[in-house]
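*Asks:* Fold the following.
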Amino acid sequence: MNRPRRRPGSPSRSRDAPAAWLLLAPSLAGVTAFLVLPILVVIWLSLNRWDLLAPMKFVGLSNWTDVLTTPAFGHSLLVTVCFVLMVIPLQTALGLLMALLLGRGLPGSALFRVIYVIPWVCAPLALGVVWKWIFAPYGGAMNALLGTDIEWLTSPSLVLPVIAAVSIWSQVGYVTLFFVAGLAGIPPQILEAAALDGAGPWQTLWRVQLPLLGPTMFFVLVTGVISSFQAFDQIYALAPNGGPQGASDVIAARIYFQAFGGAFDLGRASVMAIVLFVVLIVVTVLQQRFFAKRVVYDLS
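*Replies:* Down below sits the predicted model:
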């Protein structure tokens with residue numbers, strides 16, 4: 001005998017509500033303390049002028065006007081976008097290629113999975129110091145290997161591609177492991193059916209595997225774009241203070257400099273942080289809308 005459904009306003013639901021809120025309380029407290037309150041504090045700081053020492057002074061939208069009309073801030077946004085466009089396509093393509101190779105089950109695949117992820121789990125600042133020595137113009141390992149003297153980190157045209165290459169090297173293992181998991185989740189019956197239909201390796205990849213990797217691709221691109229927009233540690237180690245002629249002056253480094261690196265103006269730094277936050281939301285929403293009708297979650 002079927003039980004009658006409970007109505008939304010029934011007494012039993014009313015009695016369950018306190019227990020539900022009690023179970024949700026720890027998560028809600030964490031979200032409020034570590035997400036909502038910091039955002040509200042940053043918004044409040046953006047309306048004030050404060051150097052961490054003198055009393056805070058309310059200035060209204062003055063900080064917003066100053067930041068949004070400063071050419072240096074627009075330059076930092078442009079440099080950041082260029083950096084993201086250098087990193088994300090190559091990082092994603094290399095991660096997928098390496099995942100396909102690992103999926104073949106070649107000898108040593110398990111060892112390579114560990115090797116690929118080591119740069120990702122290491123401290124980015126420490127890796128930046130090591131790579132700075134590698135790309136040092138005099139006595140650096142790269143110039144010693146090539147037998148020449150190239151100003152890798154002091155040339156305005158080379159510093160950003162070099163930093164992008166280091167970022168790809170450190171993140172590609174992370175991307176590879178997710179693609180390996182995504183490829184492993186594709187039912188073998190689908191691949192067998194494609195082979196019976198005469199599909200070659202390229203056709204199988206393009207028409208079968210890539211569409212079914214939609215959820216993995218969406219996750220990798222969203223997290224990769226967010227991480228690239230917020231890149232700071234390795235850039236700070238390789239080319240501090242914006243690099244030669246501001247060629248590596250990414251937005252995260254400018255926020256740090258504005259707040260703690262010399263300017264000590266938390267109000268303007270907060271404005272930059274909010275702008276970066278809004279940009280990331282817009283980019284993430286655009287990605288979500290792009291993948292909304294292209295992602296297949298049910299592979300059964």
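*Asks:* List the buried residues in stretch 264-281.
*Replies:* For stretch 264-281, burial by neighbour count (16 or more other CB atoms under 10 Å) applies to 265, 266, 267, 268, 269, 270, 271, 272, 273, 274, 275, 276. No exception for glycine: its C-beta is placed from N, CA and C like everyone else's.
*Asks:* now stretch 47-66
*Replies:* Buried residues in stretch 47-66, counted by 16+ other CB under 10 Å: 47, 48, 49, 50, 59, 62, 63, 64.
*Asks:* How about the secondary structure of the last one?
*Replies:* Looking back up the chat, that one is residue 64. helix (DSSP: H, G, I helix; E, B strand; the rest coil).
*Asks:* so who does it touch?
*Replies:* By CB atoms under 8 Å, 6 or more residues apart in numbering, the contact set of residue 64 is 46, 271.
*Asks:* try the third one
*Replies:* Contacts for residue 49 (CB under 8 Å, 6+ apart) come out as 56, 57, 59, 62, 63, 265, 267.
*Asks:* Likewise for the fourth one?
*Replies:* By CB under 8 Å, 6+ apart, the contact set of residue 50 is 56, 57, 265, 266, 267.
*Asks:* quick one, phi psi at the closest residue to it other than its chain neighbours?
*Replies:* Excluding the flanking residues, the one nearest residue 50 by CB to CB, 6 or more residues apart in numbering is residue 56, at 4.4 Å. Backbone torsions of residue 56, given as degrees, to the nearest 10, read phi -70, psi 140.
*Asks:* From what I see, residue 56 and residue 47 are in contact.
*Replies:* No. Using CB atoms under 8 Å, residue 56 makes no contact with residue 47, being 9.9 Å away.
*Asks:* buried sites along stretch 230-240?
*Replies:* Neighbour-count burial for stretch 230-240, counted by 16+ other CB under 10 Å, picks out 231, 232, 233, 234, 235, 236, 237, 238, 239.
*Asks:* could you dump those residues to a markdown table with distance to residue 107, secondary structure and pLDDT?
*Replies:* Formatted as a markdown table, the buried residues of stretch 230-240 follow (distance: CB to CB, whole Å; DSSP: H, G, I helix; E, B strand; the rest coil; pLDDT from 0 to 100):
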| residue | distance to residue 107 | secondary structure | pLDDT |
| --- | --- | --- | --- |
| 231 | 35 | coil | 93 |
| 232 | 39 | coil | 92 |
| 233 | 35 | helix | 89 |
| 234 | 33 | helix | 89 |
| 235 | 38 | helix | 92 |
| 236 | 40 | helix | 91 |
| 237 | 36 | helix | 91 |
| 238 | 36 | helix | 93 |
| 239 | 40 | coil | 91 |
